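J.: sequence and predicted structure below; questions after.
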Amino acid sequence: MKYKNIKAMAHNFAHSFLSYMNYVDEGYVVNDILDYVRQKKPNESGVVQFFPIDKDKDAVFSNRVRKSLSYYREHFPKHCESHKVDLSAIKSIDVQIVKNSSHQILGYVRTTDDNGKDYEQYVSF
């Protein structure tokens, strides 16, 4: 396995999750996430944690987001495989959505591998 593939794998996974192609129960998941983050104070963030699974963190999101999360988690091993990333090399992956001080909303995917190396990329949506 090539560890250099982790960044691309994580970015594509997060970009797909935050895209307008993620449509569940007659609504866009990203709209629910944006509604949640807009309620935050400036420089506060919301975190969508894919792996490891934390049901307490999931509870703050709508049913639509939680349902989508379950689909994405189910697909995650196959997604890793398509990028030639060994699933056992991924210790955590999450998406942080931040409302900055000028009220812009930004997304970042954060991943940690089994060597303890952290990866972080901006994800547009």
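T.: Right, received. Where do you want to start?
J.: what packs against the lowest-mean-pLDDT helix or strand in the chain?
T.: Least confident helix or strand, the chain: helix 55-58 with a mean of 90, by mean pLDDT, DSSP states H and E. Packing partners of helix 55-58 (3 or more Cβ pairs under 8 Å, 6 or more residues apart in numbering; DSSP states H and E): strand 44-51, helix 63-82. C-beta: built from backbone N, CA, C; applies to glycine.
J.: what about the last one, distance to the chain center?
T.: Yep, that's helix 63-82 we're talking about. 10 Å (Cα atoms, centre = their mean, to the nearest Å).
J.: so for that helix, mean pLDDT?
T.: Averaged across helix 63-82, the pLDDT comes to 97.
J.: tell me the strands beside the helix or strand following it, with direction?
T.: For helix 63-82, the following helix or strand on the C-terminal side (DSSP states H and E) is strand 90-99. With DSSP bridges as the test, strand 90-99 is paired with strand 44-51 (antiparallel), strand 105-113 (antiparallel).
J.: kindly reformat those strands as TSV containing mean pLDDT.
T.: Formatted as TSV, the strands paired with strand 90-99 follow (pLDDT from 0 to 100):
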stretch	mean pLDDT
strand 44-51	93
strand 105-113	96
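J.: measure stretch 20-32 end to end?
T.: Terminal residues of stretch 20-32 are spaced 12 Å apart (Cα to Cα, to the nearest Å).
J.: for stretch 19-34, that is, sorry about that
T.: Where stretch 19-34 begins and where it ends lie 12 Å apart, using Cα to Cα.
J.: go on, stretch 99-112?
T.: 23 Å.
J.: buried sites along that stretch?
T.: 99, 105, 107-112 (16 or more other Cβ atoms under 10 Å).
J.: excluding its backbone neighbours, what's nearest residue 18?
T.: Spatial nearest neighbour of residue 18, chain neighbours left out: residue 125 (3.9 Å); criterion: Cβ to Cβ, 6 or more residues apart in numbering.
J.: that neighbour touches residue 22, doesn't it?
T.: No: using Cβ atoms under 8 Å, residue 125 makes no contact with residue 22, being 9.9 Å away.
J.: now do the shared contacts for these two.
T.: residue 30 (Cβ atoms under 8 Å, 6 or more residues apart in numbering).
J.: all set now, cheers.
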